[in-house]
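*Asks:* just coords:
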């Protein structure tokens, strides 16, 4: 039953960069879900993966050159107002957004990342992804992005990335009553956290930023 308009907010946390804190590596997922399920895959799992990637980096005592900013966006399912509000609030900073990464296709075994950006940046990302070969998460696909990072990417041509997973079961759960916590396998969640943590840490810590 329609309830009309209601106020909501994005949740934002940062690990400030040690040398170039004004340069941002952005990552996150969305915190609203389709109302017939609890949204474990879409997109609580993606929110946990990106949040825990930054938490893990901090827990290891690592502090990259650039700032890691994790955003849990609101209102992805009904209008992208959280994404649009982020774009508008941070308009002056978008030129210094180095990468935007979103996890919003479920949390299963990680295979790698989709990437949209310049050929030079793609080569760098491919090299970084090679570090993840031992867990089989080293593929770099032809395109990357997501609904919530879309406004930022479009406004400032920010390189875009999405976590790629073995998602053959995703649409059995997506927007159904079956999208519940028991579908998340702890080992797969941990592997996704590790893959995202490695990628964003290295991008954030490189001497030179990704080329646009």
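*Replies:* Great, that's in hand. This is a predicted model, so every value here is computed, not measured. Numbering: from 1, shown residues only.
*Asks:* beta partners for residue 99?
*Replies:* Beta bridges link residue 99 to residue 25, judged by DSSP bridges.
*Asks:* and it, how far is that from residue 23?
*Replies:* In this view, residue 99 and residue 23 are 10 Å apart by CB to CB, to the nearest Å. C-beta: built from backbone N, CA, C; applies to glycine.
*Asks:* okay, these two: which has more neighbours?
*Replies:* The neighbour comparison of residue 99 against residue 23 (other CB atoms under 10 Å) goes to residue 99, with 26 against 19.
*Asks:* ok, the more buried one touching residue 200?
*Replies:* Yes - using CB atoms under 8 Å, residue 99 is in contact with residue 200, at 7.4 Å.
*Asks:* Can you list the low-confidence ranges for the protein?
*Replies:* Under the criterion pLDDT under 70, the flagged ranges of the chain are 1-2.
*Asks:* ok, and for the longest helix seen in it, which residues are buried?
*Replies:* Looking across the chain with DSSP state H, the single longest helix is helix 186-205. Neighbour-count burial for helix 186-205 flags 188-205 (criterion: 16 or more other CB atoms under 10 Å).
*Asks:* Residue nearest the middle of the chain, spatially speaking?
*Replies:* What sits nearest the mean C-alpha location of the chain, by CA atoms, centre = their mean, is residue 102, with 2.6 Å.
*Asks:* State the distance from the nearest residue in space to it that is not next to it in sequence to residue 125.
*Replies:* Take residue 102 and drop its neighbours on the chain: the residue closest to it by CB to CB, 6 or more residues apart in numbering is residue 146, 3.0 Å away. Between residue 146 and residue 125 the computed distance is 16 Å (CB to CB).
*Asks:* can you give me the helices for the chain?
*Replies:* Counting by DSSP H, the helices of the chain are 45-59, 81-89, 119-129, 150-156, 170-173, 186-205.
*Asks:* can you put these in CSV and add distance to residue 12?
*Replies:* Formatted as CSV, the helices of the chain follow (distance: least, CB to CB, whole Å):
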stretch, distance to residue 12
helix 45-59, 11
helix 81-89, 8
helix 119-129, 24
helix 150-156, 13
helix 170-173, 27
helix 186-205, 15
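*Asks:* right, and those helices - which one's nearest residue 65?
*Replies:* Nearest to residue 65, of all these, is helix 186-205, at 5.2 Å by CB to CB.
*Asks:* you'd agree residue 69 is up against residue 26?
*Replies:* Yes - with contact defined as CB under 8 Å, residue 69 counts as touching residue 26 (5.2 Å).
*Asks:* neighbour count winner among these two?
*Replies:* Using other CB under 10 Å as the criterion, residue 69 and residue 26 rank with residue 26 on top: 29 against 24.
*Asks:* In contact with the closest residue in space to the more buried one that isn't next to it in sequence, which residues?
*Replies:* Spatially, and ignoring its direct neighbours in sequence, residue 26 is nearest to residue 100 (4.5 Å; CB to CB, 6+ apart). Residue 100 is in contact with 26-27, 149, 152-153, 158-161, counting by CB atoms under 8 Å, 6 or more residues apart in numbering.
*Asks:* how does it look with 10 Å?
*Replies:* 24-28, 69, 71, 94, 116, 144-146, 148-153, 156, 158-162 (CB atoms under 10 Å, 6 or more residues apart in numbering).
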